[in-house]
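Visitor: coords below, sequence missing:
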């Protein structure tokens, strides 16, 4: 990749351009050029030899390099003649601070994993500092993998919001509401009160969208679910929840309540408004109709669902019926172990193909859309992020195609869905700010984060042995 950061060269370049096209060219902060610009706009345009002009936090224009250079002169430029530029990936479900619990308990089913390991480990270890350093570690990995927006459900979410801002990552961050004492609150009533203050603090932030996150129907009382929904509706913020993520959850709800989990939320009125439901594996035809009627966004987490042997969500049918579906990584502590949406694209497509025995189901272009504009729609943010279009937030990534796994290139969507790796991401912009340059994260101190992660590991291991 050729980079043009030299101030003298830039000055000469601007003088030459202005002499060729006159002084009417608009000055922008950045022009980013690439062999391919994958827009993910309504037409899914792929522009050969394309460019994006960035002014402040937003995209000023997208088009052919020749057209962009006629209209704009840039303070800084970035060239990727051997690669592509596309919207940043959008993770619609994760638990970022749990990066400090990575691989703490593997090869287990979801319910015993939660009850025997995760909930006890959280009660002993989770604190504001734990959340701060776990979020830093997660953001470091996410940025290097091209994730520019992530959706989180955890504790001390105000601390996580401050840390995500420090890292320069866009976050839809939900404070967990749960029916037993949590690391940050004694009961769900305290959580609701604190969450309202958190929402008020960040509701107009440039990077952070505060959210309310009742954990699930099997951990959160009905009155807490209703209170969480009431709060989300009051401030028009997202409500994040795990839904129909395991067979036991579905079977228990049907046996005790004579309703599926989705029917429970429907009856309680919790699905009204901006709702993101994670997993949605055990959904009947009637359940899918409920999700579509409410406009509920689904966060599909294929790696987590397969690793826990929880099942395979009916994603192809959801999409066919008009349910909006995005992709999620679902954390780092055993349900998944990485922040890798390229892996999730690949696995999501292949799971649908093998379960339907139809290789044409969920093709590459559609699964790339799920990781970008589809994720934005799940979050209700498609007017701001998810595609490269003038006026939208400048959240974009530059991906090298000068790697063996990208040669030869016949179809850019197929390469992205089935061949590319997080290490192929070279540069990342969030809100118009360059936060990764030449694979180096500019906003975080990686050696310090690794050192703190090891300190936490030693303390957690000691605690487990006691």
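Guide: Everything's here; your move. Computed from a predicted structure; not experimentally measured.

Visitor: ok, now how distant is residue 55 from residue 194?
Guide: Going from residue 55 to residue 194 by CB to CB, to the nearest Å gives 38 Å. Every C-beta, even on glycine, is put in place using the N, C-alpha and C of the backbone.

Visitor: revised request: answer the last question for residue 306.
Guide: From residue 306 to residue 194 the distance is 35 Å (CB to CB).

Visitor: check residue 201 too.
Guide: Counting by CB to CB - residue 201 and residue 194 are separated by 11 Å.

Visitor: cool, residue 86 as well?
Guide: On the measure of CB to CB, residue 86 and residue 194 end up 38 Å apart.

Visitor: now swap in residue 219 and tell me
Guide: On the measure of CB to CB, residue 219 and residue 194 end up 18 Å apart.

Visitor: and for residue 65?
Guide: Distance from residue 65 to residue 194, by CB to CB: 50 Å.

Visitor: one more: residue 413?
Guide: Distance from residue 413 to residue 194, by CB to CB: 43 Å.

Visitor: and what of residue 130?
Guide: Residue 130 is 17 Å from residue 194, where distance means CB to CB.

Visitor: try residue 286
Guide: Going from residue 286 to residue 194 by CB to CB gives 36 Å.

Visitor: of these two, who's got more company?
Guide: It is residue 194, of residue 286 and residue 194, that has more neighbours when counted by other CB atoms under 10 Å, with 16 against 11.

Visitor: thinking residue 352 is in contact with residue 364, fair?
Guide: No - proximity of residue 352 to residue 364 does not meet the contact threshold set by CB atoms under 8 Å, at 12.0 Å.

Visitor: for the lengthiest strand in the chain, which strands pair with it and how are they oriented?
Guide: Assignment by DSSP state E gives strand 72-87 as the longest strand of the chain. In the sheet, strand 72-87 lines up against strand 3-4 (antiparallel), strand 26-38 (parallel), strand 396-400 (antiparallel) (DSSP bridges).

Visitor: buried set for that strand?
Guide: 72-74, 76-80, 83-87 (16 or more other CB atoms under 10 Å).

Visitor: just put those residues in CSV and tack on pLDDT and distance to residue 255.
Guide: Formatted as CSV, the buried residues of strand 72-87 follow (pLDDT from 0 to 100; distance: CB to CB, whole Å):
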residue, pLDDT, distance to residue 255
72, 98, 63
73, 97, 67
74, 97, 63
76, 98, 61
77, 98, 62
78, 98, 57
79, 97, 61
80, 95, 56
83, 97, 53
84, 98, 51
85, 98, 51
86, 98, 46
87, 98, 44
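
Visitor: and those residues as CSV, adding distance to residue 417?
Guide: Formatted as CSV, the buried residues of strand 72-87 follow (distance: CB to CB, whole Å):
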residue, distance to residue 417
72, 32
73, 36
74, 31
76, 31
77, 29
78, 25
79, 25
80, 20
83, 16
84, 13
85, 17
86, 12
87, 15
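
Visitor: so how far is the helix or strand where residue 228 lies from its chain's centroid?
Guide: In the assignment (DSSP states H and E), residue 228 maps to helix 222-235. The chain centre lies 24 Å from the centre of helix 222-235; the measure is CA atoms, centre = their mean, to the nearest Å.

Visitor: go on, stretch 435-443?
Guide: 18 Å.

Visitor: cool, stretch 286-300 as well?
Guide: Chain-centre distance of stretch 286-300: 19 Å, with CA atoms, centre = their mean.

Visitor: over to stretch 168-182?
Guide: Worked out by CA atoms, centre = their mean, stretch 168-182 lies 14 Å from the chain centre.

Visitor: measure it end to end?
Guide: 28 Å (CA to CA, to the nearest Å).

Visitor: what residues of that stretch count as buried?
Guide: Within stretch 168-182, judged by 16+ other CB under 10 Å, the buried ones are 168-179, 182.

Visitor: ok, so of these, who is nearest residue 239?
Guide: Nearest to residue 239 among these, counting by CB to CB, is residue 174 at 7.7 Å.

Visitor: ok so the closest one is a strand residue?
Guide: Yes - according to DSSP: H, G, I helix; E, B strand; the rest coil, residue 174 belongs to a strand.

Visitor: quick check, pLDDT for it.
Guide: Note for residue 174: predicted pLDDT of 98.

Visitor: for it, give me its contacts.
Guide: 151, 152, 153, 154, 157, 210, 211, 212, 213, 238, 239, 240 (CB atoms under 8 Å, 6 or more residues apart in numbering).

Visitor: cool, and residue 382?
Guide: Contacts of residue 382 (CB under 8 Å, 6+ apart): 373, 376.

Visitor: pLDDT score for it?
Guide: 98.

Visitor: and the gap between it and residue 239?
Guide: 18 Å.

Visitor: and for stretch 96-113, what's in contact with it?
Guide: Against stretch 96-113 from outside (CB under 8 Å, 6+ apart): 116-118, 121, 125-126, 130-131, 133-135, 137-139, 141-142, 150, 152, 154-155, 160, 164, 245-246, 248, 307-310, 331-335, 337, 453, 456-457, 460, 464.
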